[in-house]
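Colleague: Got a sequence here, can you model it:
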Amino acid sequence: RRRSGAPLAMTSLPRPPLRRAQYVKVSDLAPDTSGHNLVLRVLRARVVVDRLRVDGVRNVVAEVVLGDETGCVTLRARNEQVALASSCAAVVVRNARVLLFKGFIRLVVTKWGKLTSYPDGIASTPPPPELVNTENNISLTKYDLVPGAPESALDDDFEIEDAPYDEEELLEGEAAKGIEYEEEGGEEEDSGEV
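Modeller: This next block holds a predicted model:
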């Protein structure tokens, strides 16, 4: 209001039109990037943390394996995201970040992102993939920073190591569920000796 008490004229600037979301595939994900939108099939979910805090709030963290026709990635789901991801056949991930957790890629939906079940009621959302490529799991590849590279380096400054720390544990859990994989030729079998 002006000093005289008369209201100011409200001038509204025209709002720019909303842009359509650009969806990517799992093979397009790189470490330390953000703003990814994906439509993925849910393959399996495993609770890794289930703790009751001192104030009585329960913290639940699960690793949910999601995939499309180009590969698979592990989503680090928290609290209400766990129930949603484990109860759906397909999910829509919006504005997700790709972080490194102990050197392995994890897809994370923060408070600025959104995880919903498919269909989500938005006309521009593409359909979920019919087939899932389980051979290319980008979360099983270990990334190490090259010495001398800045901390915020993108995937050009990462070295890839092919021996993930939890591959045996993952395969044992899948074998218990009746899921089996064929071994590729040319790899040596692990004799279990240290």
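Colleague: Give me the pLDDT for the one residue sitting closest to the centre of the chain.
Modeller: Nearest residue to the geometric centre of the chain (C-alpha atoms, centre = their mean): Leu107, 2.3 Å. On the pLDDT scale, Leu107 is placed at 94.
Colleague: got it, and Glu184?
Modeller: Note on Glu184: pLDDT of 47.
Colleague: Then Leu13?
Modeller: pLDDT, Leu13: 82.
Colleague: Check Arg97 too.
Modeller: For Arg97, the predicted pLDDT is 94.
Colleague: Next, work out how far apart it and Lys142 are.
Modeller: Distance, Arg97 to Lys142, by C-beta to C-beta, to the nearest Å: 19 Å. (Glycine included, C-beta is placed from N, CA and C.)
Colleague: any idea how far the host helix or strand of the residue nearest to the centre of the chain is from the chain center?
Modeller: Element membership for Leu107, per DSSP states H and E: strand 104-108. With C-alpha atoms, centre = their mean, to the nearest Å as the basis, strand 104-108 stands 6 Å off its chain's centre.
Colleague: Who are the packing partners of that strand?
Modeller: Secondary structure elements in contact with strand 104-108, counted by 3 or more C-beta pairs under 8 Å, 6 or more residues apart in numbering; DSSP states H and E, are strand 71-78, strand 90-101, strand 142-145.
Colleague: shouldn't the residue nearest to the centre of the chain be in contact with Ala96?
Modeller: Yes - with contact defined as C-beta atoms under 8 Å, Leu107 reaches Ala96; the gap is 5.2 Å.
Colleague: Flag the shaky bits of the protein, pLDDT-wise.
Modeller: Flagging of the chain using pLDDT under 70 yields the residue ranges 1-11, 148-194.
Colleague: what's the longest strand in it?
Modeller: strand 33-52 (DSSP state E).
Colleague: Just the buried positions in that one, please.
Modeller: Neighbour counts over strand 33-52 (16 or more other C-beta atoms under 10 Å) mark 36-45 as buried.
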